[in-house]
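Participant: predicted model and sequence follow; I will ask about them next.
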Amino acid sequence: MIELGIVQAGDPALRTPARPFELPREAAEAHETIARIRAAMDHVARAHPFAKGMGMAAPQIGIDRAATVIRTENRELVLLNPRVVDRSAEQNILYEGCLSFFDVRGEVERPARVDVEHRRPDGTVEISRFRGGLARHVQHEIDHLEGRLYTDRMPAGTNVIPLSEYQGVGRPWRTP
């Protein structure tokens, strides 16, 4: 993924919390950041298909701003300045991967549902509810914006496994 311009684990950019946009004043910068993320995602998608969708946060392409784009089979989700404001008590443990260290997967426990406050470029505040695999994906990308990696959330004593050992490749996440 480094050849495709994705910032890799070990780079301080992935551990630095992203700066939120001041919207609507920085709407043009938000639009430009979203365009750059989309272009990077298109570049990555040409090199590798993603059965479970793909997400990318601005820090993963070296942009220190709180923006992420998530693509699923049938939709694209853009989140500016997102933050989790509510979560379900129900948790699930599933494997996750990351473009910033692509060749491994690790089990992570996350809430099965989250409510996320985010902004539109015009400054409008929205709260969106996400469940199942999409909730997991959104939380993963928000972690990037907070300077965290999914490996930070793995249970103590567990390790990532090589992609070659991961048996879930190509299977969709279960949605409760």
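Facilitator: Cool, the structure landed.
Participant: name the nearest residue to the most centrally placed residue in the chain, ignoring sequence neighbours.
Facilitator: Among the residues of the chain, the one closest to the centroid is residue 141, at 2.1 Å (C-alpha atoms, centre = their mean). Ranked by C-beta to C-beta, 6 or more residues apart in numbering and with sequence neighbours excluded, the top spatial neighbour of residue 141 is residue 68, at 4.0 Å. C-beta: built from backbone N, CA, C; applies to glycine.
Participant: residue contacts, that neighbour?
Facilitator: 37, 55, 56, 57, 58, 78, 79, 82, 141, 142, 144, 145 (C-beta atoms under 8 Å, 6 or more residues apart in numbering).
Participant: so which of the residues you listed belong to strands?
Facilitator: Members of the contacts of residue 68 lying in strands (criterion: DSSP state E): 55, 56, 57, 78, 79, 82.
Participant: so which of the residues you listed wins on neighbours?
Facilitator: With neighbours taken as other C-beta atoms under 10 Å, the top of the ones in strands among the contacts of residue 68 is residue 57, carrying 28 neighbours.
Participant: quick check: bridge partners of that one?
Facilitator: Taking DSSP bridges as the rule, residue 57 bridges to residue 68.
Participant: mind checking how far it is from residue 165?
Facilitator: 26 Å (C-beta to C-beta, to the nearest Å).
Participant: dump the residue contacts of residue 138.
Facilitator: Listed by C-beta under 8 Å, 6+ apart, the contact set of residue 138 reads 55, 70, 77, 79, 82, 114, 116, 130.
Participant: just the CA coordinates of whichever strand or helix holds it, formatted as CSV?
Facilitator: According to DSSP states H and E, residue 138 maps onto helix 132-145. Provided in CSV are the C-alpha atoms of helix 132-145 (Å, rounded to 0.1, in the frame of the first residue of the first chain):
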residue,chain,number,x,y,z
GLY,A,132,-23.2,-4.1,12.2
GLY,A,133,-20.3,-4.0,9.8
LEU,A,134,-20.9,-0.4,8.9
ALA,A,135,-20.7,0.6,12.6
ARG,A,136,-17.4,-1.2,12.9
HIS,A,137,-16.1,0.5,9.8
VAL,A,138,-17.1,3.9,11.0
GLN,A,139,-15.5,3.3,14.4
HIS,A,140,-12.3,2.2,12.7
GLU,A,141,-12.1,5.3,10.6
ILE,A,142,-12.9,7.6,13.5
ASP,A,143,-10.1,5.9,15.4
HIS,A,144,-7.7,7.0,12.6
LEU,A,145,-8.9,10.6,13.1
